[in-house]
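Peer 1: I'd like to go over a predicted model; first the sequence, then the structure.
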Amino acid sequence: MKSIRIHAFNGPAVIEEVPVPAFAADQMLVRIQASALNPLDIGLLTGWAAQFFPITFPYVLGSDFAGVIERVGASVEGFKPGDAVIVWADPLTGGGLSEYAAVPASHCVPLPSALTPVEGAAIPTAGSTAWHGLFSVGHLKAGETVLIHGAAGGVGMFAVQFAKKAGARVLATASGDGVDLSRSLGADEVVDYKQQDFAQVFSGVDLVFDLVGGETQARSYSVIKQGGRLVTPVSPPDEATAKAHGVSATMMYVKPYASQLGDVVHAVVQDGLKVVFDTSVPFAAFGEAIERQKSRHARGKIVITQV
């Protein structure tokens, strides 16, 4: 089978012929139909994640994918060959940019008939980060105001829709055509951060969901009301600055838990959320997808397909 692997940090990703993986009693062999890229994939490819992600080489990129079960291990229950599934693999093992992957059944959820494999692959990391950032960590409630930075990206496009469906007033920052995209997804007000200073436009925000970090995060404290919250998955907040503004600031992480993913997938289907794609390329053109992910200008998700 073909796999896209790296042999060292800062080394090239290449397509290689490797054996179909063996699978344990609690695992399943999945024929992969679509895989979505995440910023972490670029971090592993370029090496900035080396200090906190001790991966083993050669390493197959990709932790978010969808496909069809080929075989199941002896102790697997609830799945059978032929079932369509969404997989949220452990990033330490990866495996998504390949023709087949051996994955624990506990990292899989059924792919609903309402979703294509491409849509399913786009959900795990981005959708879960948006859902848990807003609700599990950010405690967003109906009637509150949330400001989402990076609203046109892979996580942002889910966050805008989840927040709007929850009854929040949704403010957003984006740039270029991302402004119109954010509005189309439900944002009530959008600032083009290249044209305006959001800190001069927005105020009285209950929750900032920061998907950008850096200077954007630093300037966000001034728009949050006393007792408000800032949540971010991208860079640790400055606790002293947050305290000085009378707000809380939390760095969040998401891990591959099937129960969480199942809730997020259900919400996507139940609420009729749009899964927005920036780029979808065939397996052989994976380099185009990686370069687009590196640019940090994607509008929605970047997916590599095998169907």
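Peer 2: Noted; the coordinates are in hand.
Peer 1: for the nearest residue to residue 298 once chain neighbours are set aside, phi and psi?
Peer 2: Excluding the flanking residues, the one nearest residue 298 by CB to CB, 6 or more residues apart in numbering is residue 278, at 4.0 Å. (Each C-beta comes from the backbone N, C-alpha and C, glycine too.) Here is the backbone geometry of residue 278 (degrees, to the nearest 10): phi -80, psi -50.
Peer 1: I'd like to check which residues are in contact with residue 278.
Peer 2: The contact partners of residue 278, taken as CB atoms under 8 Å, 6 or more residues apart in numbering, are 154, 292, 298-302.
Peer 1: Which of these ranks first by neighbour count?
Peer 2: Tallying neighbours with other CB atoms under 10 Å puts residue 154 at the head of the contacts of residue 278, with 31 neighbours.
Peer 1: per-residue confidence for that residue?
Peer 2: Here, the pLDDT recorded for residue 154 equals 96.
Peer 1: check contacts around the closest residue to it other than its chain neighbours.
Peer 2: Nearest residue to residue 154, sequence neighbours excluded (CB to CB, 6+ apart): residue 126, at 4.2 Å. Contacts for residue 126 (CB under 8 Å, 6+ apart) come out as 36, 38, 64, 154-155, 157-158, 301.
Peer 1: and if you look at residue 124?
Peer 2: For residue 124, the contacting residues are 36, 63-64, 86-88, 256, 261, 264, by CB under 8 Å, 6+ apart.
Peer 1: Go again with 6 Å.
Peer 2: Residue 124 makes contact with 64, 88, 261, according to CB atoms under 6 Å, 6 or more residues apart in numbering.
Peer 1: Report the rounded mean pLDDT for stretch 238-253.
Peer 2: 96.
Peer 1: Can you name the residues in contact with it?
Peer 2: Contacting residues not belonging to stretch 238-253 are listed as 133, 137, 221, 224, 226, 228-231, 233, 236-237 [CB under 6 Å, 6+ apart].
Peer 1: Including neighbour count and secondary structure, could these go into TSV?
Peer 2: Output for the contacts of stretch 238-253, formatted as TSV (neighbours: other CB atoms under 10 Å; DSSP: H, G, I helix; E, B strand; the rest coil):
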residue	neighbour count	secondary structure
133	26	helix
137	21	helix
221	21	helix
224	25	strand
226	8	strand
228	24	strand
229	22	strand
230	25	strand
231	24	strand
233	21	coil
236	11	coil
237	22	coil
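Peer 1: Pick out the most distant pair among the contacts of residue 126.
Peer 2: Greatest spatial distance among those (CB to CB): 64 and 157, at 14.7 Å.
Peer 1: Domain map for this structure?
Peer 2: For the chain, the structural domains run 2-122+275-305, 126-251, going by automatic domain parsing.
Peer 1: okay if I get those domains as TSV plus distance to residue 269?
Peer 2: Shown next, in TSV, are those (distance: least, CB to CB, whole Å):
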stretch	distance to residue 269
domain 2-122+275-305	5
domain 126-251	11
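Peer 1: Out of these, which gets nearest to residue 268?
Peer 2: Among the domains of the chain, the nearest to residue 268 by CB to CB is domain 126-251 (6.3 Å).
Peer 1: Show me where this structure has its helices.
Peer 2: For the chain, applying DSSP state H gives helices covering 39-46, 117-121, 124-131, 154-165, 177-184, 198-201, 214-220, 239-244, 258-270, 286-295.
Peer 1: got those as a markdown table, with distance to residue 72 columns?
Peer 2: Listed next are the helices of the chain as a markdown table, based on distance: least, CB to CB, whole Å:
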| stretch | distance to residue 72 |
| --- | --- |
| helix 39-46 | 27 |
| helix 117-121 | 19 |
| helix 124-131 | 20 |
| helix 154-165 | 30 |
| helix 177-184 | 40 |
| helix 198-201 | 50 |
| helix 214-220 | 44 |
| helix 239-244 | 47 |
| helix 258-270 | 15 |
| helix 286-295 | 28 |
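Peer 1: Between these, which one is closest to residue 29.
Peer 2: The closest of these to residue 29 is helix 117-121. By CB to CB, the value is 16.3 Å.
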